[in-house]
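K.L.:
Sequence and predicted structure below; questions after.
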Amino acid sequence: MGHDHAHDHTHGANKKTLIISFIIIASYMVIEAIGGFMTNSLALLSDAGHMLSDAVSLGIALVAFTLGEKAANYGKTYGYKRFEILAAVLNGVTLVLISLYIFYEAIQRFQNPPEVASTGMLIIASIGLLVNIFVAWIMLRGGDVEENLNMRGAYLHVISDMLGSIGAIIAALLIIFFGWGWADPLASVIVAVLVLRSGYYVTKSGLHVLMEGTPQNIDMDNVIQTIQNTKGIQSIHDLHVWSITSGLNALSCHAVVSGQMSIAESEQLLRQIEHDLEHQNIHHMTIQLETSTHKHDNSILCEMKAESSGHHH
């Protein structure tokens, strides 16, 4: 229960942080897009494109949090918690597409750099930088950007956005002082690289969860040792560890115990394992106790163990 309470508390803080960040980013994104068109700056437009993806990512994260609050039912026994991960993947793919479009535009501009209203570009980029610093500060103070994949994705957007604004500022200064028109598409390429990088990592992390991959913060060898070293456990098989959503890891396995164990003893044993595993970032456990006479089919993990000659996965 304690974990659920803490989960709900950070959940509420994350949601509030997201609402504030979304309003600020979405408002300034409109200003930057208009500014980019008026000054004819690709660096500003690409930064606005990045801010648009920020706003989308924050919006999706908000919807995800709201849907995640819906209670589980017979149709969806885990509730809607996975939507958050789907949102993160969608967001990552969007970022990759935006970055490819910026690369394409920049190539055209390198061949014939257009006139850019550099002073306006400098002012808008400078305000953009301040807006991003402010939003990043709000997120660090109020949200869980370490554990929560959605919050982390949104935070990474804002950080790379900040670097995009710095790039646009430097490009504007180079155009003002040296008349280097190529500085504008160059800055937009740098932004595109940042966008591509964050898009790749968010997509990769999200797909890992969707593929039921072992969570990054779980040491499988430790988990196996913990269960096997519990007094009364003879062996384990059919072990699976996965993430339901960010910060909510689940485990299921079959544990072989001696046939003489009473119900009270087996309950005590389960409580002991649950207590030990909770300190290893596992929050939801299903452990089936059985005796050595129980016939079990070749499970996935047993097959893997046979293949890898005794190496647990």
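P.N.:
Yep, that arrived. Owing to the predicted nature of the structure, the values given are computational and were not obtained by experimental measurement.
K.L.:
Tell me which residue of this protein is furthest from the middle?
P.N.:
The outermost residue of the chain relative to its centre, with distances by CA atoms, centre = their mean, is Gln260 at 46.4 Å.
K.L.:
how far away is that one from Gln234?
P.N.:
For Gln260, the distance to Gln234 (CB to CB, to the nearest Å) stands at 12 Å. Using the backbone N, CA and C atoms, a C-beta is placed for each residue, glycine as well.
K.L.:
can you check Glu115 too?
P.N.:
78 Å.
K.L.:
cool, Gly199 as well?
P.N.:
47 Å.
K.L.:
Check Ser126 too.
P.N.:
67 Å.
K.L.:
Between those two, tell me which one has more neighbours.
P.N.:
Ser126 (15 against 11; other CB atoms under 10 Å).
K.L.:
Report the contact partners of the more buried one.
P.N.:
165, 169 (CB atoms under 8 Å, 6 or more residues apart in numbering).
K.L.:
I'd guess it is in a strand, am I close?
P.N.:
No - counting by DSSP: H, G, I helix; E, B strand; the rest coil, Ser126 falls outside a strand, being helix.
K.L.:
Quick check, pLDDT for it.
P.N.:
The model reports Ser126 with a pLDDT of 93.
K.L.:
mind checking the SS state of His216?
P.N.:
You called it His, but residue 216 is Gln. Three-state assignment for Gln216 (three-state DSSP): coil.
K.L.:
That should have said Tyr80, apologies.
P.N.:
Of the three states, Tyr80 takes coil under three-state DSSP.
K.L.:
ditto for Ser235
P.N.:
strand.
K.L.:
Specify the beta-bridge partners of it.
P.N.:
As for beta bridges, Ser235 partners with Val256 under DSSP bridges.
K.L.:
residues contacting it?
P.N.:
Counting by CB under 8 Å, 6+ apart, Ser235 has contacts 228, 255-256.
K.L.:
Looks to me like the residue farthest from the centre of the chain is in a helix.
P.N.:
No - counting by three-state DSSP, Gln260 is not part of a helix but coil.
K.L.:
distance of it from Glu32?
P.N.:
In terms of CB to CB, Gln260 sits 72 Å off from Glu32.
K.L.:
which stretches of this structure form helices?
P.N.:
Ranges of helices in the chain, per DSSP state H, are 2-39, 42-68, 83-111, 118-142, 149-178, 183-210, 220-228, 263-278, 300-307.
K.L.:
Could you tell me the least trusted of the ones you listed?
P.N.:
Among those, helix 300-307 scores lowest, at a mean of 48.
K.L.:
any idea how far Met121 is from Glu212?
P.N.:
47 Å.
K.L.:
Next: Gln272.
P.N.:
As judged by CB to CB, Gln272 and Met121 stand 64 Å apart.
K.L.:
With Ile218 instead?
P.N.:
Taken as CB to CB, the span from Ile218 to Met121 is 47 Å.
K.L.:
Those two - which one has more neighbours?
P.N.:
Applying other CB under 10 Å to Ile218 and Met121 shows that Met121 carries more neighbours, namely 27 against 17.
K.L.:
Does the more buried one touch Leu42 like I think?
P.N.:
No - under the criterion of CB atoms under 8 Å, Met121 is not in contact with Leu42, lying 10.1 Å apart.
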